[in-house]
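Peer 1: here is a sequence together with a model predicted from it:
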Amino acid sequence: MSTGLPIDLILFAMVAAFLVLRLRSVLGRRTGFERPQGETPPGVAQPVPAREAEQPPAQAGLPARALPDPRSPAGQALVNIRGMDPSFDPAAFLGGAEGAFRMIVQAFAAGDRQTLKDLLSEESFAGFDQAISAREIAGETQRTELRAINDLAIESAELRGSVADITVRIVSDQVNMTTAKDGSISAGAEAVTEITDLWTFQRDIRASDPTWKLVGTRSA
């Protein structure tokens with residue numbers, strides 16, 4: 001009588017092991033915008049394939065997202081970033097940038113300095129903090145409603161040594177209004193306005209902190 005395992009059991013075991021490894025790889029991936037406390041380390045991803053630079057499929061209720069041509073300088077920079085950090089995913093990065101944008105816009109309006117400090121570089125935070133302080137001294141209240149984010153696109157990317165910069169174009173519909181101490185409107189209006197922002201996020205790829213910090217903002 002043969003004491004070996006049946007061939008079908010061996011095949012099932014191999015398939016199960018493969019599925020476990022695949023799940024760990026997918027579930028372990030992170031965008032880098034999460035707060036660092038108690039995070040699970042990212043899974044190991046494969047080098048960027050050519051199809052990775054294709055545009056993510058549009059989904060109902062989500063903003064249009066665009067990645068640069070892989071042959072462009074920005075596209076090549078993204079490939080280089082992925083080469084240094086295998087867990088980096090340009091499409092997932094855009095999703096994280098959208099989340100960071102929402103958090104920062106709302107935190108600035110509410111004067112939430114701690115949230116801003118977690119997501120901004122020291123220099124950027126100093127500028128936001130100064131604006132919040134001026135508003136507080138004047139007794140003003142900022143009201144911001146982010147009605148919709150219509151478009152997200154990686155405008156440019158650069159890798160200098162281990163420091164990566166990625167600039168994202170964000171088109172959103174917002175209501176911005178500043179109310180004075182007496183309740184009168186000192187700036188802005190109730191109307192919905194389409195705003196195009198260019199936000200630059202930065203990260204030292206070799207650092208243990210996975211957070212991409214906002215280092216620059218400007219209007220397009």
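Peer 2: Yep, that arrived. Residues are numbered from 1 along each chain as shown.

Peer 1: low-confidence ranges, this protein, go.
Peer 2: Applying pLDDT under 70 to the chain flags residues 1-62.

Peer 1: quick one, strands of it?
Peer 2: 64-66, 141-160, 163-179, 185-188, 193-204, 213-219 (DSSP state E).

Peer 1: packing partners of the longest one?
Peer 2: In this case it means strand 141-160. Applying 3 or more C-beta pairs under 8 Å, 6 or more residues apart in numbering; DSSP states H and E, one finds that strand 141-160 makes contact with strand 64-66, helix 73-84, helix 90-110, strand 163-179. To be clear about C-beta, it is placed using only N, CA and C from the backbone, and glycine gets the same treatment.

Peer 1: about what we covered before: same list (the strands of the chain) but as CSV, adding mean neighbour count and distance to residue 78.
Peer 2: Converted to CSV, those look like this (neighbours: other C-beta atoms under 10 Å; distance: least, C-beta to C-beta, whole Å):
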stretch, mean neighbour count, distance to residue 78
strand 64-66, 17, 13
strand 141-160, 16, 5
strand 163-179, 19, 8
strand 185-188, 13, 36
strand 193-204, 17, 13
strand 213-219, 15, 18
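
Peer 1: format those as JSON lines; extra columns: distance to residue 107.
Peer 2: Putting the strands of the chain into JSON lines (distance: least, C-beta to C-beta, whole Å) gives the following:
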{"stretch": "strand 64-66", "distance to residue 107": "23"}
{"stretch": "strand 141-160", "distance to residue 107": "10"}
{"stretch": "strand 163-179", "distance to residue 107": "15"}
{"stretch": "strand 185-188", "distance to residue 107": "18"}
{"stretch": "strand 193-204", "distance to residue 107": "14"}
{"stretch": "strand 213-219", "distance to residue 107": "11"}
